[in-house]
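Enquirer: The sequence and its predicted three-dimensional model are supplied below.
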Amino acid sequence: MRNEALTGYLLHQRPYQEKRALYCLFSQQHGVIHGVGKKGAPLFMPLQLFASGKRDLKTFSQINIAVHSNRDGKASLDAHPDNAAVDDAHTLAAMPYETITGQQQYSALYLNEILWRLLPTEDPMPTLWQHYQNSLYQLKQPLTQQQLRLCLRQFEKYLFDELGFTLTLSHDSMQDAIVPEGLYRFLPDAGFLAISRDTIESERLTSASGYAVFSGADIITMAQSGITTTTLDDWSKLHRHLIDHLLEYQPLQSRLLWQQQRRYQ
């Protein structure tokens, strides 16, 4: 990669030396790319930059902020009035940008964290990139708590699809059809496992063991309706268990921050 122009969003950053930072960029062209660049680039905003280097850690330069976003969530890329390359320090200091605030900022941090922890490096995912951009646009709007949860669950589904984790809601782990009167335990590696009510009582699955248990009727409704206000609680429970599994049950910092914020409200 030699002085290649990229468009993307920062997922994660940390200080590196006095005036630079280590960046994890979700680029439209190459997926996740790691690089070193001048400090000061913001999260949640579309950026233009140049990347150079043959190794895993690139050099990022001429970082510009694309400030104009259309209502469909597509950002225009003429960040600077004359579309000319300018010094990083002047660009980052001069360009105003919208921010995501309040509880929606925690949601945006959550999206960033699951992406930089789960996505492979330099694997182009333009469709997921567009869904991410559209989700950030939604998070900049006033949202009810339910609308916020719908936004997150819908994006998680796009992420699972991109990672190859397609959830089967029509059959259980033994390839038997899901029946309305049945009870099922969700196992991320296997799918839905049919269980008895006696099993739930003896193992206390929903509390002590931490497994997700669903009724067959709810699973069928999820399959028929998709992610809606009616099925939101069930999808949230299902997605949480799958996310935790993919992260090997390591805690999410964004989730901990959100819990702390709610505790002190």
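Expert: Thanks, I have the structure now.

Enquirer: Residue 250 in helix, strand or coil?
Expert: coil (DSSP: H, G, I helix; E, B strand; the rest coil).

Enquirer: going forward can the numbers begin at 20, since that is how I track them
Expert: Renumbered: residue one is now 20, and that last one reads residue 269.

Enquirer: mind listing the helices for the stretch 120-269 of the chain?
Expert: For the stretch 120-269 of the chain, the helices defined by DSSP state H, counting those that start in this stretch occupy 122-137, 145-158, 164-182, 216-222, 235-244, 251-265.

Enquirer: quick one, what contacts the nearest residue to residue 249 once chain neighbours are set aside?
Expert: Computed as Cβ to Cβ, 6 or more residues apart in numbering, the closest residue to residue 249 that is not its neighbour in sequence is residue 240, at 7.1 Å. In short, each C-beta sits where N, CA and C put it, glycine included. By Cβ atoms under 8 Å, 6 or more residues apart in numbering, the contact set of residue 240 is 249-250, 253.

Enquirer: what's the least confident helix or strand in this protein, going by average pLDDT?
Expert: Every helix and strand of the chain was ranked by mean pLDDT, DSSP states H and E. The lowest is helix 107-113, at a mean of 38.

Enquirer: just to revisit the earlier point, which one of the contacts of residue 240 has the most neighbours?
Expert: residue 250 (19 neighbours; other Cβ atoms under 10 Å).

Enquirer: Mind pulling up the pLDDT for that one?
Expert: pLDDT, residue 250: 98.

Enquirer: Now do the contacts for it.
Expert: Residues near residue 250 by Cβ under 8 Å, 6+ apart: 237, 240-241, 244.

Enquirer: By neighbours, which of these wins?
Expert: Highest neighbour count within the contacts of residue 250, by other Cβ under 10 Å: residue 241, with 21 neighbours.

Enquirer: Could you report the neighbour count for residue 233?
Expert: Neighbours of residue 233 using other Cβ under 10 Å come to 20.

Enquirer: before we move on, what about residue 208?
Expert: By other Cβ under 10 Å, neighbour count at residue 208 equals 6.

Enquirer: Give me the distance between it and residue 250.
Expert: Distance from residue 208 to residue 250, counting by Cβ to Cβ, to the nearest Å: 23 Å.

Enquirer: Go ahead and flag the most central residue of the protein.
Expert: Centroid-nearest residue in the chain: residue 130, 2.9 Å away (criterion: Cα atoms, centre = their mean).

Enquirer: What pLDDT does the model give that one?
Expert: Looking at residue 130, its pLDDT reads 98.
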